[in-house]
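A.B. asks: Turn this into a model:
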Amino acid sequence: VFLAENDLVLIIKSHPFEETDRTDNILRYQTKNIRIIREEALHQNNLDFYELLSSADLLITDYSSVYFDFLLLDRPIVFIPVDLEEYRATRGLLLEPYDDWTPGPKCYSMESLMDEVQKSMADMEYYAFERNRLKRIVHYYQDANSSRRVWELIDQMMSKALQSG
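C.D. replies: Just a heads-up that it's a prediction; the model follows:
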């Protein structure tokens, strides 16, 4: 109801290693406003996950590092660390303290998630300072020229190899 009332579509994409277990459980919830995307479907349609991600207005995540890439889009991120202590104990976090490395509201209930999604969609500046602070830390380059830089580096290395070879 919340999604329809707010004209939102929730696209769910699980981590490829957890996709089967998780996706099978949530497929029954798929509706007009809830879509489950499987890795197999992306491959069948010649799509890369990042093509899909770049079309998102907002990201909801728990501990996935995908939000580091999403920072480059300068769009809102909402975190749902509902099992943070269990995750810390069983898998561990790469970066601590968690709150310092997650530039967005933290939601521990469905009510707070709905509230924070609405706030984030209404005000794109909400948590913008925190997103930009972290973006400067984790992304040396923030432009769209990384492929060009990689190609130039390969070209330089190949030229050197040919000259010395």
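A.B. asks: if I pick the nearest residue to residue 128 once chain neighbours are set aside, what's in contact with it?
C.D. replies: Leaving out its chain neighbours, the residue that sits closest to residue 128 by CB to CB, 6 or more residues apart in numbering is residue 74, at 7.3 Å. In this view, the C-beta of every residue, glycine as well, is placed from N, C-alpha and C. Residue 74 makes contact with 128, 131, 132, 135, according to CB atoms under 8 Å, 6 or more residues apart in numbering.
A.B. asks: What is the nearest of these to residue 46?
C.D. replies: Of all these, residue 135 has the smallest distance to residue 46: 29.5 Å, by CB to CB.
A.B. asks: Surely residue 13 is in contact with residue 52?
C.D. replies: Yes. Between residue 13 and residue 52 there is a contact at 7.2 Å, judged by CB atoms under 8 Å.
A.B. asks: who's more crowded, those two?
C.D. replies: residue 13 (20 against 14; other CB atoms under 10 Å).
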